[in-house]
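Undergrad: pasted the sequence and its predicted model underneath.
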Amino acid sequence: MNLSQLRTHVRSLVAIASTDIISDADLTTFINEAYLEIMRDADWPFLRNETTLNLATGQASYTLPAGVGETSIASVSVQSNDANRRQLRPRSRYSVDDTLGPLINGKPMEYNTWRGSIQFWPTPDMTETITIRYFNEPAELVNNTDTPVFDAKFHTIIAYGAAVRVLYREGDDTERRAFYNAQFRNGLEQMKEDYLSERDRSIFRLGGRRRIWGRRDNYYGV
């Protein structure tokens, strides 16, 4: 469903057809609130993206590429060839000012982000291309023809989430609102089962990393 169809569906759920009671603009706001709640609930595969950054000899700090948020990075790696291929370790925000001791220049092994920049340790001693994998920041539905980025079979989840918000604003505290909220939550869990089922594949691996809906928590002692 596109944005226009979602508004129509929400109106049918709440049984409020009049734009005098609830305007299309208000409906769009509620739809986007529900949509973004879904989009930010997990590291969805449909939000995955990647870009590259060219490192220069003697330069440690760079502006993050457009679209890459400081907290949206999944991995930073050198993938140019087998000899130099490596994944850089993320530094904690609390160790951003730590040094590596005598290892000042060399092949970068760690990175940290701060205020729109990404910094590498050690300082590069050669030119390399870094691959940054990250998650896109979700965009709101604006135009009538805009459609959610995930599979159409889950679009009704957005309508249920928006309907809950409409009924709450209108003071409707009936079982209907609770039912729609349950539909929204159950639908969200079903999305996770469909899109993130790979999370279970490493559960029996000795020494495996803990996962939270698709994102691995790395432990590097920082």
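TA: Received the coordinates, thanks.

Undergrad: for Thr57, what are its contacts?
TA: With contact taken as C-beta atoms under 8 Å, 6 or more residues apart in numbering, Thr57 is in contact with Pro124, Asp125, Met126, Thr127. No exception for glycine: its C-beta is placed from N, CA and C like everyone else's.

Undergrad: now do the strands in this structure.
TA: Along the chain, the segments classed as strands by DSSP state E run 48-55, 61-63, 73-78, 86-87, 89-90, 105-106, 110-114, 117-121, 123-124, 128-135, 211-212, 215-216.

Undergrad: average model confidence for the fifth one?
TA: Summarised as a single mean, pLDDT over strand 89-90 is 92.

Undergrad: that one pairs with which strands, parallel or anti?
TA: strand 110-114 (parallel) (DSSP bridges).

Undergrad: can you give me the angle the partner strand makes with strand 117-121?
TA: Inter-element angle recorded for strand 110-114 and strand 117-121: 160 degrees (by axes from the mean of the first three to the mean of the last three C-alpha atoms, to 10 degrees).

Undergrad: please save the CA atoms from strand 110-114 in PDB.
TA: What follows is strand 110-114, C-alpha atoms only, in PDB (Å, rounded to 0.1, in the frame of the first residue of the first chain):
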ATOM      1  CA  GLU A 110      40.800   0.300  14.800                       C
ATOM      2  CA  TYR A 111      38.400   3.200  14.200                       C
ATOM      3  CA  ASN A 112      36.200   5.500  16.100                       C
ATOM      4  CA  THR A 113      33.400   8.000  15.200                       C
ATOM      5  CA  TRP A 114      32.900  11.400  16.800                       C
END
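
Undergrad: off-centre distance for it?
TA: Per C-alpha atoms, centre = their mean, to the nearest Å, the displacement of strand 110-114 from the mean C-alpha position of its chain is 19 Å.

Undergrad: got the buried residues for it?
TA: Of the residues in strand 110-114, those scored as buried under the neighbour-count criterion (16 or more other C-beta atoms under 10 Å) are Glu110, Tyr111, Asn112, Thr113.
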